[in-house]
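Student: here's a sequence, model it:
(chains A and B)
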Number of protein chains: 2
Amino acid sequence: VPVSLPGPTLGVVGGGQLGRMLAEAAAPLGVETVVLDPTPDPPAAPVARESITAAFDDPDGVAALAARADVLTFEIELADPDLLERVADEAGVPVHPRPETLRTIEDKLVQKRTYADAGIPVPPFRRIDGPDDLRAATEEFGRVMLKARTGGYDGRGNLPVGGSDDLDPAAALEAVGAGKGGAMAEAFVPFERELSVVGVVGDGERDALPPTETVHREEILRETLVPARADPAVHESALSVAGAVLDELSGRGVYGIELFETPDGDVLVNEVAPRPHNSGHWSIEGAVASQFEQHVRGVLGWPLGSTALRCPTATANVLGDVDVSPEARLDGVEDVLSAPGAHLHWYGKREVRPLRKMGHLTVTADGMAGSDETAPEAVLARARELRDGLTFGDGTA
Amino acid sequence: VPVSLPGPTLGVVGGGQLGRMLAEAAAPLGVETVVLDPTPDPPAAPVARESITAAFDDPDGVAALAARADVLTFEIELADPDLLERVADEAGVPVHPRPETLRTIEDKLVQKRTYADAGIPVPPFRRIDGPDDLRAATEEFGRVMLKARTGGYDGRGNLPVGGSDDLDPAAALEAVGAGKGGAMAEAFVPFERELSVVGVVGDGERDALPPTETVHREEILRETLVPARADPAVHESALSVAGAVLDELSGRGVYGIELFETPDGDVLVNEVAPRPHNSGHWSIEGAVASQFEQHVRGVLGWPLGSTALRCPTATANVLGDVDVSPEARLDGVEDVLSAPGAHLHWYGKREVRPLRKMGHLTVTADGMAGSDETAPEAVLARARELRDGLTFGDGTA
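Tutor: So this is what the prediction gives:
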């Protein structure tokens, strides 16, 4: 397929940090980015060509985005698949990944069923329509993760149930917001390690970034490490399971595929995001082509880039550690700037909130040269240590 | 020095490709960029927070830039040092590099004298005030490079004199535009190789990127290769001469220092640019911190990043190869996108002109893994081959 520059304009539903890093990756490729976000001046705005302020489900807003763009994509699952499909048809602009993928993924029960029906290994799960279903699930599985079927994000909408300190089933369903779209419960699987694979889908080609080891706490990603400290056979299984997942989803771009590695070395699918994923941010410095560049290439139908790992790489998320503050101010940044091989990524969010993703930092082993500690463990330890030195001020100093 | 985010806003005089790549590097660091350029919607505009349209010497324009910025810098030597100094004083905003550096550098005769007076090796040169001076210089040195003292850029304002096919001296002076600010003539030195060093100046610290081998044709940079294929002693001399140059200039940021390596292995200073330099573009993928990131850090007085080389890296400039065309369109890009380890940088210029810098591409050895040809020569050959496959269409197809 011949490619000429300047490239098409990419319209992105969502203007958060993923949209920002997409715009940063698109510019060198000769691709301009227009984002749509309900927040005025969202994180992507300073580096995007234009930012349209509208709700994700605002027909006029999405139509305005399509009018400005040659290809549409999204950086958030809250994008509205029906609206995207209709507007794209009317404007004659393709959407990738395909809206049907969004429909499959936005409902966690439908998503899990899709994988299970295809014979892809997933933890046992049940549909939960009321307190009785939840009671039955905890009797069957013991501890479960109760999840709202729709609208959850970053651990919101998820609640562990089945321990000694539990809410009663009705209150638990209320707490996850199951009233809106229903709920599901998933058996807790004891896992050795959490992994993620960023799958990359182009025009008639497919690839994946090397499996990433992910560390969560309170359902929120804290750190990543590549290469993952798992056996080669587990790496193989992770890539193979990720490929099977991609077979069930349609449309080009990157997909963040969250996995569990069991103590037996089996790999189960947790959840999939049809967009660049927090677990793939290491690829900006650690892979030949980043997940954001791959998403741009894939969505446009351009040849995919190389997924080769440049060197062991770790990231640590910088999360809000204070209560609501009128203005976000991150202190202690000088230590990150001084650390060889450390790279800072600030998302430009104005307000800090508890556990909100405000930025991340990346440490590459080749940048640590001079220190002899370039084993993956050392890279991860350095990333953690640097992140832990950062604190949010109260914006008053 | 404590550093907090969000960072200061950087005001940049000039919004060309260097401003664009500065903005791309500043965003992840939490630094927003405002540029000033006489061209509406210049290359930096799509990725900058704001673009002010004004001449470089427009007092109101530069005052508006200072009002929007916390620190001022420039990406073009045509910035006006007196105006920058006055506006910065009035607005209480620092400028880096310092305006006096711009004054030293904007006049090529003053610049050369500064180095020569400091004992830094430079090719022999003479001040040229008229045809008689030029005749005397060619008698003394044989072939010389005649240069307008001010206003030259990318080979414009330079003319070789002293061969058989020469203009007469008066016409040569007319051709380089010597009427405005006078001229100088520099002896042609036979050189083994051209090199460049990007010097990096921070707050009380100084460093340099590894010496870069540069290949020019018709006075315009075509390719770069790192590591330069020169003896270790020459690398040492290049870094040492670059350090001596930095001693003569003041203010933080990066400096592109062009050098000649003589057949005896001596290193002479050609010219210096007090800004990110075309010869340092390889550092985006090939160094731990790019020259653009280093410039942002340096200008802000933040700790400098690591200058370590990640792997052998080459760049090839994509220059306009057609006559004026209403719209630039680069064809054949699919082959660059498909080449493992190749990275594309499009500058977003609307119009293609002969030999205009429209973009560049970078090839890193680690991205070529799989091929066994990761010697520097192979990386350079790949970069050239990929660049040579690109052509500008006439914008009508």
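Student: where does the stretch 101-250 of chain A have low pLDDT?
Tutor: Residues of the stretch 101-250 of chain A meeting the criterion pLDDT under 70: A:154-155, A:164-166.
Student: quick one, helices of it?
Tutor: A:108-117, A:131-141, A:169-176, A:178-181, A:232-248 (DSSP state H, counting those that start in this stretch).
Student: which strands or helices does the shortest one pack on?
Tutor: Packing partners of helix A:178-181 (3 or more C-beta pairs under 8 Å, 6 or more residues apart in numbering or on different chains; DSSP states H and E): strand A:144-148. To be clear about C-beta, it is placed using only N, CA and C from the backbone, and glycine gets the same treatment.
Student: strand partners (parallel or antiparallel) of the strand it packs on?
Tutor: Strands that pair with strand A:144-148, judged by DSSP bridges, come out as strand A:158-161 (antiparallel), strand A:183-187 (antiparallel).
Student: need these in TSV with distance to A:G348, can you?
Tutor: Below are these laid out as TSV (distance: least, C-beta to C-beta, whole Å):
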stretch	distance to A:G348
strand A:158-161	27
strand A:183-187	34
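Student: which one of these lies nearest to B:R384?
Tutor: strand A:158-161 (53.3 Å; C-beta to C-beta).
Student: pull out the buried residues from that closest one.
Tutor: Within strand A:158-161, the residues scored as buried using 16 or more other C-beta atoms under 10 Å in any protein chain shown are A:158-159, A:161.
Student: ok, so of those residues, who is nearest chain B?
Tutor: Each of those was scored against chain B by C-beta to the nearest C-beta, and A:N158 proved nearest at 29.7 Å.
Student: do you know how far the most centrally placed residue in chain A is from A:Y255?
Tutor: The centroid of chain A falls nearest to A:H277 when counting by C-alpha atoms, centre = their mean (2.6 Å). As defined by C-beta to C-beta, to the nearest Å, A:H277 lies at a distance of 8 Å from A:Y255.
Student: how about A:F392?
Tutor: In this view, A:F392 and A:Y255 are 32 Å apart by C-beta to C-beta.
Student: who has more neighbours, the two?
Tutor: Taking neighbours as other C-beta atoms under 10 Å in any protein chain shown, A:F392 and A:Y255 compare with A:Y255 leading, 28 against 24.
Student: could you list everything the more buried one pairs with in the sheet?
Tutor: Assigned bridge partners for A:Y255, using DSSP bridges, are A:G199.
Student: surely it meets A:V198?
Tutor: Yes - taking C-beta atoms under 8 Å as the definition, A:Y255 is a contact partner of A:V198 at 7.0 Å.
Student: which residues are common contacts for those two?
Tutor: Residues touching both A:Y255 and A:V198 (C-beta atoms under 8 Å, 6 or more residues apart in numbering or on different chains): A:H277.
Student: can you give me the pLDDT of the nearest residue to A:A308 once chain neighbours are set aside?
Tutor: Take A:A308 and drop its neighbours on the chain: the residue closest to it by C-beta to C-beta, 6 or more residues apart in numbering or on different chains is A:V288, 4.8 Å away. Note on A:V288: pLDDT of 96.
Student: skipping its backbone neighbours, what lies nearest the residue nearest to the centre of chain A in space?
Tutor: A:G256 (2.3 Å).
Student: so who does that neighbour touch?
Tutor: A:196, A:198, A:272-273, A:275-280.
Student: now with 6 Å?
Tutor: By C-beta atoms under 6 Å, 6 or more residues apart in numbering or on different chains, the contact set of A:G256 is A:198, A:273, A:277, A:279.
Student: look up how far A:P274 lies from it.
Tutor: Counting by C-beta to C-beta - A:G256 and A:P274 are separated by 8 Å.
Student: could you report the neighbour count for the closest residue to A:Q17 other than its chain neighbours?
Tutor: Of all residues not flanking A:Q17 in the chain, A:Y347 sits nearest, at 3.8 Å (C-beta to C-beta, 6+ apart). The tally of other residues near A:Y347 (other C-beta under 10 Å) stands at 24.
Student: could you do the one 5 residues further on as well?
Tutor: The burial metric for A:V352, expressed as a neighbour count using other C-beta under 10 Å, is 25.
Student: I figured it hits A:G320, correct?
Tutor: Yes - contact between A:V352 and A:G320 holds when scored by C-beta atoms under 6 Å: they sit 4.3 Å apart.
Student: tell me the confidence at the residue lying closest to A:V245 once chain neighbours are set aside?
Tutor: The shortest distance from A:V245 to any non-neighbouring residue, by C-beta to C-beta, 6+ apart, is to A:I257 (5.4 Å). As predicted, A:I257 sits at a pLDDT of 98.
Student: if I've got this straight, A:I257 is in a strand?
Tutor: Yes - according to DSSP: H, G, I helix; E, B strand; the rest coil, A:I257 belongs to a strand.
Student: and it, how close does it get to chain B?
Tutor: Distance of A:I257 to chain B, computed by C-beta to the nearest C-beta, to the nearest Å: 23 Å.
Student: also A:A79?
Tutor: For A:A79 relative to chain B (C-beta to the nearest C-beta), the value is 23 Å.
Student: tell me how many other residues surround that residue.
Tutor: 24.
Student: that one is in contact with A:V13, isn't it?
Tutor: Yes - if you go by C-beta under 6 Å, A:A79 and A:V13 touch, sitting 4.3 Å apart.
Student: shared neighbours of those two, anything?
Tutor: A:F56.
Student: what's the closest non-adjacent residue to A:F292?
Tutor: Spatially, and ignoring its direct neighbours in sequence, A:F292 is nearest to A:A25 (3.6 Å; C-beta to C-beta, 6+ apart).
Student: so what secondary structure elements neighbour the strand or helix carrying that neighbour?
Tutor: For A:A25, the host element (DSSP states H and E) is helix A:17-26. On a contact count with 3 or more C-beta pairs under 6 Å, 6 or more residues apart in numbering or on different chains; DSSP states H and E, helix A:17-26 meets strand A:33-37, helix A:291-300.
Student: okay, the angle between the longest one and helix A:17-26?
Tutor: Angular relation of helix A:291-300 and helix A:17-26 on a 0 to 180 degree scale: 80 degrees, by axes from the mean of the first three to the mean of the last three C-alpha atoms, to 10 degrees.
Student: ok, the shortest one next?
Tutor: Orientation check (the same axes, to 10 degrees): strand A:33-37 against helix A:17-26 gives 170 degrees.
Student: paired strands for strand A:33-37, with orientation please.
Tutor: Here, using DSSP bridges, strand A:33-37 pairs with strand A:10-13 (parallel), strand A:50-53 (parallel).
Student: the first one: how far from the chain's middle?
Tutor: Remark: strand A:10-13 is offset 17 Å from the chain centroid, using C-alpha atoms, centre = their mean, to the nearest Å.
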